[in-house]
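Chemist: Let me see the structure of the following:
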Amino acid sequence: MPCSQVFKWYGFGPGLCATLAVVLLMTVVPMAHAHEPREVGPYTLTVGFRVEPAFEDVVNALDFFVTRTADGKLISVRGGDVVDVEVEVQFRKRESLDSRIIQKDQLAKPEQAFGADNRYNAWFKPTADGAYAFRVKGEVNDVSDPQAGPLFFDEVWVCGAGTQNFNGSRFGCVSDPQTFPRGAFDHGGTDYHGYQDDDRNKLFKEGGPHRRGFRDRD
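Modeler: Below you'll find the predicted structure:
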């Protein structure tokens, strides 16, 4: 039964249906879209992993969206706008903006995603589970329909509870899922028919035997 008909019975106007729809959308979208939007100057910059949930040893990417906050215009390089940014991926000790950076590296320059007007990706493969952050800096500019003008920025997004906004919107950290099936172990404990994870986050962070890198035997 239409929403408007139900509310009409109780003496409410049809406008309440539209209001209710907006409220529900604002409630559901953060849960369905595991990214963190942030207003920076006249633009809204949104960051997350391209594939959520993000898993160790599975190819993923920085997922970066740019819109003009005032009217929701999608900022598209193919449409004549400017999105010229650099991305640094960081592996951190914990989910916090002030946590120690264990490792960091520069990713390839983000490219506009196929079939998307305001989506940009920089691909890489997370090799350990834990807290990740993206430092994104550069310029965005609505050149095709100049209203907001150029923005030069340098912002950091940290997964999980690191930099989640006041609505609780955030992107998930990298996890290490259960493996299946398991195979026969040799005398050294290596599973040659399945998988053995040998890069435990705790050892790496605390300077254990794998402090110089990650080693997966699969």
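Chemist: Which strands or helices does the helix or strand hosting residue 39 pack on?
Modeler: Per DSSP states H and E, residue 39 falls inside strand 36-40. The contact analysis (3 or more CB pairs under 8 Å, 6 or more residues apart in numbering; DSSP states H and E) places strand 36-40 against strand 43-49, strand 151-158. From N, CA and C alone the C-beta is placed, and that goes for glycine too.
Chemist: can you pull out the strands in this protein?
Modeler: Counting by DSSP state E, the chain forms strands over residues 36-40, 43-49, 54-55, 60-68, 82-92, 101-106, 111-112, 119-124, 131-141, 151-158, 174-175, given from the N-terminal end onward.
Chemist: Okay, angle between the second one and strand 151-158 too, please.
Modeler: Computed by axes from the mean of the first three to the mean of the last three CA atoms, to 10 degrees, the angle separating strand 43-49 from strand 151-158 equals 30 degrees.
Chemist: And for the first one?
Modeler: Using the same axes, to 10 degrees, the direction of strand 36-40 lies 150 degrees away from that of strand 151-158.
Chemist: Check the fourth one too.
Modeler: Following the same axes, to 10 degrees, one obtains 140 degrees for the angle between strand 60-68 and strand 151-158.
Chemist: again, but for the fifth one
Modeler: In terms of direction (the same axes, to 10 degrees), strand 82-92 departs from strand 151-158 by 30 degrees.
Chemist: Identify all contacting residues around strand 82-92.
Modeler: Under the criterion CB atoms under 8 Å, 6 or more residues apart in numbering, residues 62, 64, 66, 75, 77, 99-107, 109-110, 112, 120, 122, 124, 128, 130-141, 143, 150, 156, 158, 162 lie in contact with strand 82-92.
Chemist: are any of the residues you listed buried, and which?
Modeler: For the contacts of strand 82-92, a burial check counting by 16 or more other CB atoms under 10 Å picks out 62, 64, 66, 75, 77, 102, 107, 110, 112, 120, 122, 128, 130-136, 138, 140-141, 158, 162.
Chemist: burial measure for residue 39, as a count.
Modeler: Neighbourhood size, residue 39 [other CB atoms under 10 Å]: 10.
Chemist: Quick one: residues contacting it.
Modeler: Under the criterion of CB under 8 Å, 6+ apart, the neighbours of residue 39 are residue 69.
Chemist: Report the beta-bridge partners for residue 55.
Modeler: With DSSP bridges as the criterion, the beta-bridge partners of residue 55 are residue 175.
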